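Asker: whatever this is, show me its structure:
(one chain, ligands or ions: 1)
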Amino acid sequence: MPELKMSGPFKFTRGECNAKITKISPGNFALGKVHPTKKGFIVQYIGRADSDLNEQIKEHLGDDYTHFKFSYANTAEEAFLKECTNYHEFGGSQKLRNKMHPGKPLKEDIKCPVCFK
Ligand SMILES: [Zn+2]
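Answerer: Next comes the predicted model:
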């Protein structure tokens with residue numbers, strides 16, 4: 001089983017985002033739901049922020065995810081590399097709601113560590 005290596009799951013509300021994501025930082029997040037009986041977190045969307053995780057994750061508040069997990073990253077590059085790994089490990093666009101492969105951070109000349117795009 002792939003692992004996200006993130007904190008959570010927490011309820012995906014504006015209040016919980018503000019309460020849990022207190023640092024202004026690049027980072028990673030996963031959106032989804034908690035399985036009603038098995039209690040496991042079901043990943044439906046993988047995302048990242050290059051500068052402000054708390055701001056970025058809240059752009060998805062209108063979507064129907066009930067829970068989130070997150071982790072901070074030191075740099076946008078680090079967040080991108082983790083996002084790619086999570087994206088591929090959790091099935092890419094075939095299984096996730098992500099329509100496209102993660103985009104690179106601006107100004108960074110790096111490639112996905114999994115598919116080298
Ligand atoms: Zn890739």
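Asker: and for residue 42, the neighbour number?
Answerer: When neighbours are defined as other Cβ atoms under 10 Å, residue 42 has 15 of them. Any C-beta I mention is one placed from the backbone N, CA and C, and that applies to glycine too.
Asker: cool, residue 117 as well?
Answerer: Burial measure for residue 117: 10 neighbouring residues, criterion other Cβ under 10 Å.
Asker: contact partners for it?
Answerer: 101, 111 (Cβ atoms under 8 Å, 6 or more residues apart in numbering).
Asker: distance of it relative to residue 50?
Answerer: Residue 117 is 18 Å from residue 50, where distance means Cβ to Cβ, to the nearest Å.
Asker: for residue 94, same thing?
Answerer: Distance of residue 94 to residue 50, computed by Cβ to Cβ: 26 Å.
Asker: in terms of neighbours, single out the busier of these two.
Answerer: Ranked by neighbour count (other Cβ under 10 Å), residue 94 and residue 50 place residue 50 first, with 20 against 6.
Asker: quick check, the more buried one in contact with residue 79.
Answerer: Yes - Residue 50 is in contact with residue 79 according to Cβ atoms under 8 Å; the separation is 6.5 Å.
Asker: what is in contact with these two at once?
Answerer: Residues touching both residue 50 and residue 79 (Cβ under 8 Å, 6+ apart): 26, 105.
Asker: which stretches of this structure form helices?
Answerer: Under the criterion DSSP state H, the chain contains helices at 14-20, 53-57, 76-89, 92-95.
Asker: for the first one, name the packing helices and strands.
Answerer: Using 3 or more Cβ pairs under 8 Å, 6 or more residues apart in numbering; DSSP states H and E as the contact criterion, the elements in contact with helix 14-20 are strand 7-11, helix 53-57, strand 67-72.
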